[in-house]
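*Asks:* Provided below for reference: sequence and predicted model.
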Amino acid sequence: MTPNTADIGAILISSRSLDEYRSMFDLSDDDLSRRILDCPAGAAGFTAVVNRLGGDVTACDTAYSDAEHLTVVAAAEAERGNRYIRDHAENYDWTFFADPDEHARVRRQAVRDFAEDIRRHPHRYVAGWLPSLPFPDAAFDLVLSSHLLFSYADRLDRTFHLDAIRELMRVARDELRIFPLVESGTSVLCPYLDELLTDLREHGIDGEVVEVDYRFQKGAHHMLVCRRTGFP
Ligand SMILES: C[S@@+](CC[C@H](N)C(=O)[O-])C[C@H]1O[C@@H](n2cnc3c(N)ncnc32)[C@H](O)[C@@H]1O
């Protein structure tokens, strides 16, 4: 049976770990020392852990408009995500995580890191709605965006993707990285990726598809790296 994102239900508020981010976005130590925006950051542990190590990361997500509620639902969301993965285990490559139990352990720890950090450092977690973010131009060196764009292409159309990427690039001084390029629960590349890359070029943004090491959702091995072309 061909898997479909509809199985997933509402957009998941997921909680990936720093190790997953490093691998999905091919992040070097040097990258981690830059001013970073993670959007949408959900309940990921990335902001908490990188800042604890001396970094400068800001998280942005619609869900931060009710942060108290989010710390309660994030744990349930991690369980919902893990249930989906157990039910569709054949669609995943079990090398990054040995098995669904390890996946559950890592995501639960990320939720704990997130929940503790958002209580202690709420200013690092900014409520924002793509495609319009509450940051000045070039406020960050590097912008990361995982598991919203392309992942939910069944319900977010090409215009939303174009507007969201242009907005993420507006707040990025150097570079935007987006992962993955396939829909959740499938190994099918976003059907309008080529057209979107053409649209972006017309707006002075060059998108390069780059293979990364992360192996989990089958077929999800590439990020899109966006930079300004200088034209028009
Ligand atoms: C699957 S999670 C990804 C979270 C994180 N990047 C990770 O990988 O763990 C998708 C997130 O997108 C957020 N979201 C949905 N629509 C959004 C929008 N228009 N602008 C910003 N965030 C949005 C949701 O609240 C959710 O937390």
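*Replies:* Nice, thanks for sending it over. Computed from a prediction, not measured in an experiment: that's the story for all the values here. Numbering: from 1, shown residues only.
*Asks:* Run through the protein and note the low-pLDDT ranges.
*Replies:* 1-8, 231-232 (pLDDT under 70).
*Asks:* residues in it within reach of the ligand, list them.
*Replies:* 11-16, 40-42, 44, 61-63, 129-130, 146-148 (Cβ under 6 Å from any ligand atom). In this view, the C-beta of every residue, glycine as well, is placed from N, C-alpha and C.
*Asks:* Okay, strands next: where are they in the chain?
*Replies:* 35-38, 56-61, 125-127, 140-146, 172-179, 205-211, 222-228 (DSSP state E).
*Asks:* just to revisit the earlier point, show me how to select, in PyMOL, the buried members of the residues of the chain next to the ligand.
*Replies:* For the buried members of the residues of the chain next to the ligand, the matching PyMOL selection, counting by 16 or more other Cβ atoms under 10 Å, is:
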select buried, resi 11+12+13+14+15+16+40+41+42+44+61+62+63+130+146+147+148
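*Asks:* measure Val210 to the ligand for me?
*Replies:* 18 Å (Cβ to the nearest ligand atom, to the nearest Å).
*Asks:* correct me, but that residue touches His222?
*Replies:* Yes: Val210 is within contact range of His222, at 6.4 Å (criterion: Cβ atoms under 8 Å).
*Asks:* In terms of neighbours, single out the busier of the two.
*Replies:* More crowded of Val210 and His222, by other Cβ atoms under 10 Å: His222, with 20 against 14.
*Asks:* Double-check that one against Leu181; I have them as touching.
*Replies:* Yes: using Cβ under 8 Å, His222 makes contact with Leu181 at a distance of 5.2 Å.
*Asks:* Need the residues touching each of the two.
*Replies:* Common neighbours of His222 and Leu181, counting by Cβ atoms under 8 Å, 6 or more residues apart in numbering, are Val209.
*Asks:* which residues touch the nearest residue to Asp113 once chain neighbours are set aside?
*Replies:* With sequence-adjacent residues excluded and distances taken as Cβ to Cβ, 6 or more residues apart in numbering, Asp113 is closest to Gly45, at 3.6 Å. Contact analysis of Gly45 by Cβ under 8 Å, 6+ apart lists Ser15, Arg16, Ser17, Leu18, Gln109, Ala110, Val111, Arg112, Asp113, Phe114.
*Asks:* Show the backbone phi and psi for the closest residue to the ligand within the chain.
*Replies:* The chain approaches the ligand most closely through Gly42 (2.7 Å), counting by Cβ to the nearest ligand atom. Dihedral pair for Gly42: phi 50, psi -140, per degrees, to the nearest 10.
*Asks:* and it, how far is that from Ser151?
*Replies:* Gly42 sits 11 Å away from Ser151, going by Cβ to Cβ, to the nearest Å.
*Asks:* Same question for Ser17.
*Replies:* Going from Ser17 to Ser151 by Cβ to Cβ gives 17 Å.
*Asks:* Between those two, which has more neighbouring residues?
*Replies:* Ser151 (26 against 17).
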